[in-house]
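Novice: Can you look at this prediction? I've put the sequence above it.
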Amino acid sequence: MKTATILPFPATPSTPALEAQRREVSALAEQTRNEIVKTIRTALRKRSGKPWSVTGGTGTAWGWIRISAPPARRTLHARLKAGAASTNPDDYELVDTGEPDGNLTQADCLELARLLGLESVSMQGESVPATTAFRRVAIARALFGSNLGFEADRDWD
């Protein structure tokens, strides 16, 4: 596995440092899916000081990568509201129960969004589609908190 140089912020546009960062990210994006998972996990831990769950999909989602908090920190669960009699979605509320294997808490959503340089992330985490372009963007965001000008467009419905 190639190792990455992690800087606290992205270089400014049109500089040799930015071009070096872009070359580094492009090289890292050529790794196997499992190596990319490790690269993203290591970068997020190094930048935040906290562990993050970065996993590869299985089955038909094999190439996809999911970025989230570890199961022990995913403690947000949907609970039926007091007095609710039906199972209508409006009858549920989100509660931080302290129990693992739920969804991301608001604090983890905000921190993950900040680390990835995004406005927000879902309470289920961030999903990275199985293409080199999306992996390149995810690596750049994990290492530098910015897409460094890399773009990836969904070409499906």
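Specialist: The structure has been received and is ready for your questions. In this text the structure is predicted, and so the values were computed from the model without any measurement.

Novice: and the residue nearest the centre of the chain, what is it in contact with?
Specialist: Of all residues in the chain, the one closest to the mean position by C-alpha atoms, centre = their mean is residue 67, 3.4 Å from it. With contact set as C-beta atoms under 8 Å, 6 or more residues apart in numbering, residue 67 has these partners: 40, 44, 52-54, 112, 116, 125-128, 138, 142. All C-beta spots, glycine's among them, are computed from the backbone N, C-alpha and C.

Novice: Same check on residue 48?
Specialist: The contact partners of residue 48, taken as C-beta under 8 Å, 6+ apart, are 111, 115.

Novice: What backbone torsions are found at it?
Specialist: phi -110, psi -20 (degrees, to the nearest 10).

Novice: Show me the strands in the chain, by range?
Specialist: When secondary structure is read from DSSP state E, the chain shows strands at 53-56, 65-68, 76-80, 92-96, 126-128.

Novice: quick one, which of these is nearest to residue 16?
Specialist: With C-beta to C-beta as the criterion, residue 16 lies closest to strand 126-128 of the strands of the chain, at 28.1 Å.

Novice: what's the spacing between that closest one and its chain's center?
Specialist: Mean-position distance between strand 126-128 and its chain equals 6 Å (C-alpha atoms, centre = their mean, to the nearest Å).

Novice: Can you list the strands that that strand pairs with?
Specialist: Paired with strand 126-128 in the same sheet, following DSSP bridges, are strand 65-68 (antiparallel).

Novice: What mean pLDDT does the partner strand get?
Specialist: Throughout strand 65-68, pLDDT has a mean value of 98.

Novice: Make 385 the first number, not 1, from now on.
Specialist: Shifting the count to begin at 385 puts that one at strand 449-452.

Novice: quick check, distance from that strand to the centre of its chain.
Specialist: Its chain's C-alpha centre lies 5 Å from the corresponding centre of strand 449-452 when counted by C-alpha atoms, centre = their mean.
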